[in-house]
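K.L.:
Okay, sequence plus prediction incoming.
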Amino acid sequence: MDWIRCIPMTDGQIGNRGSSDRMINVVIVNDSPYFLSVLEEIVKSNNFNVIGRFTNAKNALNFICNRNDVDVILLDLEMPDMDGISFIEHTLRERFIPTIVTTNYDESWIAKISSIGAVDFVSMNDKQITELNSIIAQKIRLAYIMNTMTRPSSRKANGSTHNNNRYVPYDGKIVIIGASTGAPKIVTDILASIPSDIRACIMIVQHMPKGFTDTYVTMLASKASIKVKKASDNDRILNGTALVAPADYHLIVDHNHVRLEQGPKYAHVRPSANVTMVTAANTYGPKVVGVLLSGMGFDGALGLKVIKLNGGFTMVQDERTSVVFGMAKTACMVNAVDQVIPADKIADWIVRAVKR
């Protein structure tokens with residue numbers, strides 16, 4: 001049973017064990033023996049399990065890539081043999097493991113670190129041990145929830161998923177559109193140009209407040225030739241269908257269906273394009289196409305990077321046609337983009353990518 005499934009959780013409800021009732025497994029990577037010991041003590045004092053501690057990044061990578069039970073990584077940014085950003089990129093090539101950067105750098109690094117794959121950031125500069133203990137423990141719990149959200153659900157021996165939705169391999173592509181400020185009209189124009197026989201399921205993650213999703217879906221459906229609906233928990237992934245993430249819910253891509261989760265905000269938003277893109281890439285690999293449109297912040301950069309690393313195709317709206325060139329710019333900065341395209345050409349590129 002998914003213990004966070006569709007349940008908004010308060011801080012006090014988040015325990016130190018996962019849904020399998022085992023302790024959360026943490027790997028610590030830090031070239032300072034002092035900080036390594038401090039972090040290990042913090043982890044253990046909060047009843048988490050330290051399954052690996054490393055001063056050498058390459059040894060840590062070898063360990064992580066040969067284990068399937070790593071839940072969270074605590075990572076320093078600077079190590080003698082590899083920088084933290086390269087380390088995160090290497091782990092993402094294997095699978096998504098939530099990484100919390102623990103460093104003496106200040107908070108100005110948060111956006112940069114989040115965009116390249118870390119789920120959180122702790123500045124250890126000028127903080128007492130008791131303060132660090134509280135901060136890191138909370139972030140480990142939240143990172144573990146992110147890990148459970150982005151894992152595909154396990155299938156039973158008879159071929160069905162945990163929610164009895166019969167597993168049938170999906171034979172099309174998955175197109176994920178991340179959108180924010182200035183993007184609703186662009187999304188409408190894109191769907192209006194998508195042919196009804198497209199062999200793809202299109203998923204739209206538009207940042208918007210509660211109460212606006214139904215109106216947004218109605219507007220999109222009035223222009224589109226494919227079916228457009230607000231995503232519901234356990235909706236099937238079907239060709240010629242567009243699923244719109246409801247406000248305040250992450251849209252999770254699983255085997256042949258989607259799930260809705262009210263887990264923690266990621267990149268400060270819920271729904272997050274990162275969550276949908278990462279879960280799609282984890283499940284469908286090169287069959288995923290990622291699109292980022294106009295928007296503020298850095299949501300979607302990690303998602304595009306994971307799609308690209310898994311063999312999918314990525315594109316962003318160009319600066320000239322964007323109201324806010326924020327999310328797309330961040331994705332470009334971290335080398336997550338295959339193509340930069342003006343708004344009126346994006347639909348054509350989506351069709352082309354689906355036919356690849």
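P.N.:
Arrived safely, thanks for sending.

K.L.:
Mind checking the pLDDT average for the helix or strand harbouring Glu131?
P.N.:
Using DSSP states H and E, Glu131 falls within helix 129-150. What helix 129-150 shows for mean pLDDT is 90.

K.L.:
Poorly predicted segments of the stretch 151-300 of the chain, please.
P.N.:
153-168 (pLDDT under 70).

K.L.:
just so I have it, where are all the helices in it?
P.N.:
Secondary structure of the stretch 151-300 of the chain (DSSP state H, counting those that start in this stretch): helices at 184-193, 213-223, 273-284.

K.L.:
For these, state which one has the densest average packing.
P.N.:
Of all the helices of the stretch 151-300 of the chain, helix 273-284 has the most neighbours on average by mean count of other CB atoms under 10 Å, namely a mean of 28. The C-beta positions use only the backbone N, C-alpha and C, and glycine is treated the same way.

K.L.:
Which elements pack onto that one?
P.N.:
Applying 3 or more CB pairs under 8 Å, 6 or more residues apart in numbering; DSSP states H and E, one finds that helix 273-284 contacts helix 129-150, strand 173-179, strand 200-206, strand 250-253, strand 288-292, helix 301-309.

K.L.:
how about these, which one is nearest Met327?
P.N.:
strand 288-292 (5.2 Å; CB to CB).

K.L.:
ok so, going back, how about the helix holding Glu131, which residues are buried there?
P.N.:
Applying a neighbour-count criterion of 16 or more other CB atoms under 10 Å, one finds 132-133, 135-137, 139-150 buried in helix 129-150.

K.L.:
State the distance from Val258 to Ala245.
P.N.:
As defined by CB to CB, to the nearest Å, Val258 lies at a distance of 9 Å from Ala245.

K.L.:
residues shared between the contacts of those two?
P.N.:
Taking CB atoms under 8 Å, 6 or more residues apart in numbering as the contact rule, Val258 and Ala245 both touch 203, 231, 251.

K.L.:
Next up, the contacts around the first one.
P.N.:
Put plainly, it is Met203. Contacts of Met203 (CB under 8 Å, 6+ apart): 174-177, 231, 242-245, 251, 253, 258, 276, 280.

K.L.:
tilt between the helix or strand harbouring Ala353 and strand 288-292?
P.N.:
Per DSSP H and E: Ala353 is located in helix 346-355. On the basis of axes from the mean of the first three to the mean of the last three CA atoms, to 10 degrees, helix 346-355 is oriented at 160 degrees to strand 288-292.

K.L.:
Which other helices and strands does helix 346-355 contact?
P.N.:
Applying 3+ CB pairs under 8 Å, 6+ apart, one finds that helix 346-355 makes contact with strand 173-179, helix 184-193, strand 200-206, strand 288-292, strand 313-317.

K.L.:
I'd like those as TSV, with distance to Asn125 appended.
P.N.:
Converted to TSV, these look like this (distance: least, CB to CB, whole Å):
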stretch	distance to Asn125
strand 173-179	33
helix 184-193	41
strand 200-206	34
strand 288-292	32
strand 313-317	34
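
K.L.:
Need the contacts of Met203 in CSV (columns: distance to Ala224).
P.N.:
Output for these, formatted as CSV (distance: CB to CB, whole Å):
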residue, distance to Ala224
Ile174, 17
Val175, 13
Ile176, 16
Ile177, 13
Ala231, 15
Ala242, 7
Leu243, 12
Val244, 11
Ala245, 16
Leu251, 18
Val253, 20
Val258, 18
Thr276, 19
Ala280, 21
